[in-house]
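Engineer: Below are the sequence and a predicted model; questions follow.
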Amino acid sequence: MFTLAAPWAGGGPGPWILFVPVIWAVVIFGVVTLLRRTVWRHGGPRGHLRGPQFPARTDAPSPLAVLGRRFAAGEIDEEEYWRRLSVLEEHFATGPKGGAA
């Protein structure tokens with residue numbers, strides 16, 4: 001037992017015994033890093049079936065909001081606002097609100 005406690009005394013495994021756990025730590029770290037960069041990032045082996053990796057931005061303002069902001073800022077006049085609004089309503093098929101059925 002004394003030889004294991006004092007490897008510098010000429011017996012025991014020596015300081016190189018610490019090298020094996022360090023090697024295992026490096027291997028485990030490498031495997032985890034590889035998995036994080038490939039499989040886990042894309043949602044598994046079938047991650048490509050779940051849609052795009054970067055979904056469309058949801059904080060982008062709608063065209064109607066942009067039109068309203070431009071009208072409120074005075075960039076376009078009322079006639080231009082109503083003309084563009086009718087085109088946007090046709091394009092998005094929302095129809096006029098509160099109209100007779």
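Structural biologist: Yep, that arrived.

Engineer: tell me how far the ends of stretch 14-22 are from each other?
Structural biologist: Taking CA to CA, to the nearest Å, stretch 14-22 runs 15 Å from one end to the other.

Engineer: Please state the mean pLDDT value computed over that stretch.
Structural biologist: Across stretch 14-22, the average pLDDT comes to 84.

Engineer: for the protein, what spans make up the strands?
Structural biologist: Under the criterion DSSP state E, the chain contains no strands.

Engineer: Identify, by residue count, the longest helix of it.
Structural biologist: The helix that spans the most residues within the chain, counting by DSSP state H, is helix 19-37.

Engineer: Now do the buried residues in it.
Structural biologist: Buried residues in helix 19-37, counted by 16 or more other CB atoms under 10 Å: none are found. Yep, even glycine has a C-beta here, placed from its N, CA and C like the rest.

Engineer: What of stretch 66-76?
Structural biologist: Residues of stretch 66-76 classed as buried: 67, 71 (neighbour count, 16+ other CB under 10 Å).

Engineer: Could you point out which residue ranges in this structure have low pLDDT?
Structural biologist: Within the chain, the ranges that satisfy pLDDT under 70 run 1-12, 40-58, 93-101.

Engineer: and it, what are its domains?
Structural biologist: The record assigns the chain these domain ranges, following automatic domain parsing: 15-46, 63-92.

Engineer: Dihedrals phi and psi, G14?
Structural biologist: phi 90, psi 170 (degrees, to the nearest 10).

Engineer: can you tell me how far it sits from V20?
Structural biologist: G14 sits at a distance of 12 Å from V20 (criterion: CB to CB, to the nearest Å).
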